[in-house]
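> need a 3D model of the following:
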Amino acid sequence: MKGPGAITLAVVFLCAPLAATARPTRGTSNEQRQVLKEVASPDGRHTAALTRRGRVMLDGRTVRSGPGQALAGPVWRRDSRALAFLQRTANGMQLVVVPGLDAAAPLVWLLPSTAATLRKVFWISSRQLGVGHNEVVPKLVVSWTTTQYLW
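Predicted structure coming up:
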């Protein structure tokens, strides 16, 4: 096909955006099309995204942490095997941790009302998180242990 139509089509094709989130592709969910912030894991193998609706997605699937809207994060652990974020719910601020990428459900802590203004989450160690205004002086520290039962 010759003429101005063919040239215009070629220019539009060559100038198409290259970013994966710039244009939804067939088969992507509405959540995936509404990504505000995308964070690659430190090893580059995984992606966490914060959507316009305040949901967190891990490798394209929504992290189910109950009703609420994510406010801060998501923040990867240095080894790329865990993720944390803050979310606001009707009951108050919650800290949500996906302790392993294959975890069935995240760990969720309801934070005291004094945490309402805090917006930064940071990893202190593999099982310890800080919440505060900056990493040097955390206002809250959350730690946990996990036990594996072999039946």
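
> list the contacts for Val39?
Residues in contact with Val39 (Cβ atoms under 8 Å, 6 or more residues apart in numbering) are Thr47, Ala48, Ala49, Pro74, Val75, Trp76. For glycine as for every other residue, the C-beta is placed from the backbone atoms N, C-alpha and C.

> from Thr145, how far out is it?
26 Å (Cβ to Cβ, to the nearest Å).

> same question, Gln69
Counting by Cβ to Cβ - Gln69 and Thr145 are separated by 29 Å.

> looking at these two, which is more packed in?
The neighbour comparison of Gln69 against Thr145 (other Cβ atoms under 10 Å) goes to Gln69, with 13 against 5.

> tell me the contacts of the closest residue to the more buried one other than its chain neighbours?
Residue nearest to Gln69 in three dimensions, not counting chain neighbours: Gly54, with 3.0 Å by Cβ to Cβ, 6 or more residues apart in numbering. Residues near Gly54 by Cβ under 8 Å, 6+ apart: Gly68, Gln69, Ala70, Leu71, Gln87, Arg88.

> and the fifth one, what does it touch?
Okay, so that is Gln87. Per Cβ under 8 Å, 6+ apart, neighbours of Gln87: Gly54, Ser65, Gly68, Gln69, Ala70, Leu71, Met93, Gln94, Val96.

> likewise the third one?
The neighbourhood of Ala70, defined by Cβ under 8 Å, 6+ apart, consists of Leu50, Gly54, Arg55, Val56, Phe85, Leu86, Gln87, Val96.

> which elements pack onto the stretch of helix or strand the last one belongs to?
Assigned by DSSP states H and E, Val96 belongs to strand 92-98. Other elements packing on strand 92-98 under the criterion 3 or more Cβ pairs under 8 Å, 6 or more residues apart in numbering; DSSP states H and E are strand 83-89, strand 107-110, strand 128-132, strand 140-143.
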